[in-house]
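>>> Here is the input, now give the coordinates:
(chains A, B and C)
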Amino acid sequence: MTREWTRKDLLGLEELSSEELLLLLEQARAFKEVSLRPIKKVPALRGRTVVLFFLEPSTRTRTSFELAAKRLSADILSIQAGSSSLSKGETLQDTIRNIEAMKVDIVVIRHAMSGAPRLVARTAVSSIVNAGDGSHEHPTQGLVDLYTIWEKKERIAGLNVTIVGDIAHSRVARSNLWGLTKLGAHVTLCGPPTLMPAGIEQFGVKVTYNLREAMRDADILMLLRLQLERQTQNLLPSIREYAKLFGIDREKLAWGKPDLLIMHPGPVNRGIELAPEVADGPQSLIYDQVTNGVAVRMAVLYLVSGGRQIRKARPAPSPTQPVGV
Amino acid sequence: MTREWTRKDLLGLEELSSEELLLLLEQARAFKEVSLRPIKKVPALRGRTVVLFFLEPSTRTRTSFELAAKRLSADILSIQAGSSSLSKGETLQDTIRNIEAMKVDIVVIRHAMSGAPRLVARTAVSSIVNAGDGSHEHPTQGLVDLYTIWEKKERIAGLNVTIVGDIAHSRVARSNLWGLTKLGAHVTLCGPPTLMPAGIEQFGVKVTYNLREAMRDADILMLLRLQLERQTQNLLPSIREYAKLFGIDREKLAWGKPDLLIMHPGPVNRGIELAPEVADGPQSLIYDQVTNGVAVRMAVLYLVSGGRQIRKARPAPSPTQPVGV
Amino acid sequence: MTREWTRKDLLGLEELSSEELLLLLEQARAFKEVSLRPIKKVPALRGRTVVLFFLEPSTRTRTSFELAAKRLSADILSIQAGSSSLSKGETLQDTIRNIEAMKVDIVVIRHAMSGAPRLVARTAVSSIVNAGDGSHEHPTQGLVDLYTIWEKKERIAGLNVTIVGDIAHSRVARSNLWGLTKLGAHVTLCGPPTLMPAGIEQFGVKVTYNLREAMRDADILMLLRLQLERQTQNLLPSIREYAKLFGIDREKLAWGKPDLLIMHPGPVNRGIELAPEVADGPQSLIYDQVTNGVAVRMAVLYLVSGGRQIRKARPAPSPTQPVGV
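Reported below is the predicted structural model:
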């Protein structure tokens, strides 16, 4: 078992070992302490350049990464959808190669297309961090959720974790599923049949369409954000029906164990996934998740940056060195 | 008389004592010196996080706060209207709670609704600084104006200050009115009757609709920016009429004392409130106001940050700590 | 021959001496080394304020300047088209005077109007850097290109440099033309007659409309970006025709010397000016140009900042100091 981080990139939780996951969580714990000091800053990435390359709108994830990079003392370039040269007919890989030519260290990328970060990482010299790609993965959110559970329950193995909502389209669910099962949690998925991917049981999870059953033994109840446009796609009878069947109010909360903890990646559709009194109640961890987001992303930026150091000896593709010069 | 700043927030000048106002002005003087050095930076807020949360468009005030925070070495997050999750149906307080969960120190907020910063401050753990709320207050602009007068005249008490324009809708006028009267200036308000709030005399100010009379004994003539949409609201006969009656050109300038000083919070509608030759003339302080804006905002960020330290022992509302964990 | 930089501003390459050009290139070489270190940051401009004032959309040049300023440890204010108070009826000079009142050190300006930076520099106290003005000059891009040639060929004097494309409207061509001829290169211009300015030969360059002839002795082939709207302006028969006559693919590349180097200021219209296999091929310097962009802009910001120090004794216009105060 290696206790060193050797990956250049963070593309998903699917390919990580449980040792790597634990290494990330421990590193996050160290940075969480930094977040609670009056001076919330360390010089770890001073003089490194982190690019926030967000091709889908995002406030929370981008802001969390931005603060993480600032608290590591990195220099930051923020390039957002529309402003980039992509609109001038460049391919994604051309754009990344241009960004990399400025000698950047890490590119944090959000993209509507599943697999885009992996495609980019194949040729990139800098570290690529996936900040959400299509319905594939959102690995830092998965790590935030793992960290928050670990912090509160002091373990993950053996816990019963129920994930409720639009499993089929959720990159958050997918990253959690990989992370939780690798670390030994028992995962139950629950939601309307139209939003449940076929054959998901083969990944070692239980599936149920009945919320009361899904909650019975749960230690953690994780609600996913409902994309309200699912209704117009005829995947839901109505938002009201969804809230009635799967939304957690005080009454349904009582179906769970008394120490059941509630999580949501945010932003919450209040009154749909969670009633306000549950979102703001004593069993809710939703603001802990936001707090931990910064620490976890500091850990990711810090480790991949070191990983890049370790791997810098590999023969990098160097298409820009002209022959004979 | 306390000589220490103890407030967590800066919400308006109405609630400040004259001692607190003087403390702010003295602190601003110290930072003004910093602005004039080649290296315009101090480490006072290193490792602290300042959020610029502007829900109304603003270039000047936001830029001034941004530079102030940078020159104090703070980390900055800028969240602007439209980009925030507010559009996804969160309330203002939900959004602030999410921002605070990232362990920020100061939230500078501009909002179209009078009272929004006070509402937020009631539950916020971080320091809230009002950067303009509806037609209520714009306390840092009021402080900039007080500082600029103090710097040029070496006193405020006993000076005759005339404020001209749309008094009824101006948060700048309101903050100045509180600050100037607390520090002993004699304030005269002047403008069209439709833009003068009823009963304003009870706050210890004189009201006149005649500019020549308002200027007669004035040491300071402060012009307010005319919101050009007032005309379509039928509060003004015409912009041209307004400029003719209340705009200061070289001819009307001669109505005042030879050492009369001219102020304007900017941006100037040149040819309406001020003729270009007056705006750029030797009696104008409009660029001094811009310069002082950065120093005054450095003072505000610095003092509320210390105020937060002092008050950190109070039992902060802690809705995010689950019971029994 | 002076070996010190004494200019406050960088407005164009036209007015620079060959000594000044070489001084810039040598300074850029020192900063290029910094870009290749793990810690890509020097404290040279710590506590200085650099304003990026871009009134035309730009990702590449703005990003390159932003990174340059960050790697020099400067504080940065970014003010972009639309967000500025210009829309509220201020003139450009009013806006600049307001920006300067915040005690900034350098204003990097991009403007659609040829000559705008020079107009601004006439009254500005801070250093003005032209980041592209109309079809006049783009001096930092010109310097990037000079530096890249110098780095690869170890000289500029005596080289044959061919510039291909829309010479008439290209500020990049104009800055290159000045820089290259001052440093002793032999410049040939090539493109459709409709896009070639009349009488350009008097500047000591050769003109040809035949690409094969233009390439025969070239050491460097510099392709300009084709503005695709030229076609709708009836300056081009068709984009396809342009690409056929002037676009460089593998076949046309063989017309040149084996060690011919290919340059393009970016972003490349792939398949028009350059076939992808040429853009990414061993003779292409296009990513070197991007890398060098940061180092060259660091050199410019550093030198003009020093130039400002040197010249700070001059009697600066000071319209904001009221008489008799």
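>>> could you list every residue that touches whatever residue of the stretch 51-200 of chain A ends up closest to chain C?
Here the stretch 51-200 of chain A gets closest to chain C at one residue, A:Ala101, 3.6 Å apart by Cβ to the nearest Cβ. In this view, the C-beta of every residue, glycine as well, is placed from N, C-alpha and C. By Cβ atoms under 8 Å, 6 or more residues apart in numbering or on different chains, the contact list for A:Ala101 reads A:320, C:287-288, C:290-291.
>>> run the last query once more with 7 Å
C:287, C:290-291 (Cβ atoms under 7 Å, 6 or more residues apart in numbering or on different chains).
>>> Dump the residues you listed to a markdown table, plus pLDDT and distance to C:Thr232.
Shown next, in a markdown table, are the contacts of A:Ala101 (pLDDT from 0 to 100; distance: Cβ to Cβ, whole Å):
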| residue | pLDDT | distance to C:Thr232 |
| --- | --- | --- |
| C:Tyr287 | 97 | 31 |
| C:Val290 | 98 | 29 |
| C:Thr291 | 98 | 35 |
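>>> Doesn't A:Thr6 lie inside a helix?
No - going by DSSP: H, G, I helix; E, B strand; the rest coil, the assignment for A:Thr6 is coil, not a helix.
>>> Show me which helix or strand of chain A is least confident by mean pLDDT.
Across the helices and strands of chain A, mean confidence by mean pLDDT, DSSP states H and E is lowest for helix A:286-310: a mean of 88.
>>> Output the contacting helices and strands for that helix.
Contact analysis of helix A:286-310 by 3 or more Cβ pairs under 7 Å, 6 or more residues apart in numbering or on different chains; DSSP states H and E lists helix A:18-35, helix A:60-71, strand A:106-111, strand A:127-133, helix A:139-153, helix B:92-101 as its packing neighbours.
>>> Per-residue confidence, A:Ala81, what does it come out as?
For A:Ala81, the model assigns a pLDDT of 68.
>>> With A:Phe246 instead?
The model's pLDDT for A:Phe246 equals 97.
>>> same check, this time on A:Leu72
For A:Leu72, pLDDT reads 97.
>>> Ok, A:Leu228 next?
81.
>>> In space, what's closest to A:Ala275 - neighbours in sequence excluded?
Nearest non-adjacent residue to A:Ala275, counting by Cβ to Cβ, 6 or more residues apart in numbering or on different chains: A:Asp249, 3.9 Å away.
>>> got the domain boundaries for chain A?
In terms of domains, chain A is parsed into A:18-138+A:290-313, A:139-289 (source: automatic domain parsing).
>>> Which residue does the stretch 101-250 of chain A have closest to chain B?
Counting by Cβ to the nearest Cβ, the stretch 101-250 of chain A gets nearest to chain B through A:Lys152 (5.2 Å).
>>> Neighbours of A:Gly184, how many?
Residues lying near A:Gly184 (other Cβ atoms under 10 Å in any protein chain shown) number 12.
>>> Comparing the domains of chain A by mean pLDDT, which bottoms out?
Set side by side, those show their lowest mean pLDDT on domain A:18-138+A:290-313, which sits at a mean of 90.
>>> Could you give me the buried positions within the least confident helix or strand of chain A?
Within helix A:286-310, the residues that count as buried by 16 or more other Cβ atoms under 10 Å in any protein chain shown are A:286-308.
>>> same deal with stretch A:44-57?
A:44-45, A:47-56.
>>> Among those, which one lies nearest to C:Asn234?
Ranked by distance to C:Asn234 (Cβ to Cβ), the buried residues of stretch A:44-57 are led by A:Leu55 at 35.7 Å.
>>> just to revisit the earlier point, quick check: closest non-adjacent residue to the residue of the stretch 51-200 of chain A closest to chain C.
C:Val290 (3.6 Å).
>>> That neighbour contacts A:Met102, correct?
Yes - assessed by Cβ atoms under 7 Å, C:Val290 is found in contact with A:Met102 at 6.1 Å.
>>> quick one: A:Leu22 from A:Asn292, how far?
Separation of A:Leu22 from A:Asn292 (Cβ to Cβ, to the nearest Å): 16 Å.
>>> Setting aside sequence neighbours, what's the nearest residue to the residue of chain A found nearest chain B?
When scored by Cβ to the nearest Cβ, chain A has A:Ile39 as its residue closest to chain B, at 3.2 Å. Residue nearest to A:Ile39 in three dimensions, not counting chain neighbours: B:Gly47, with 3.2 Å by Cβ to Cβ, 6+ apart.
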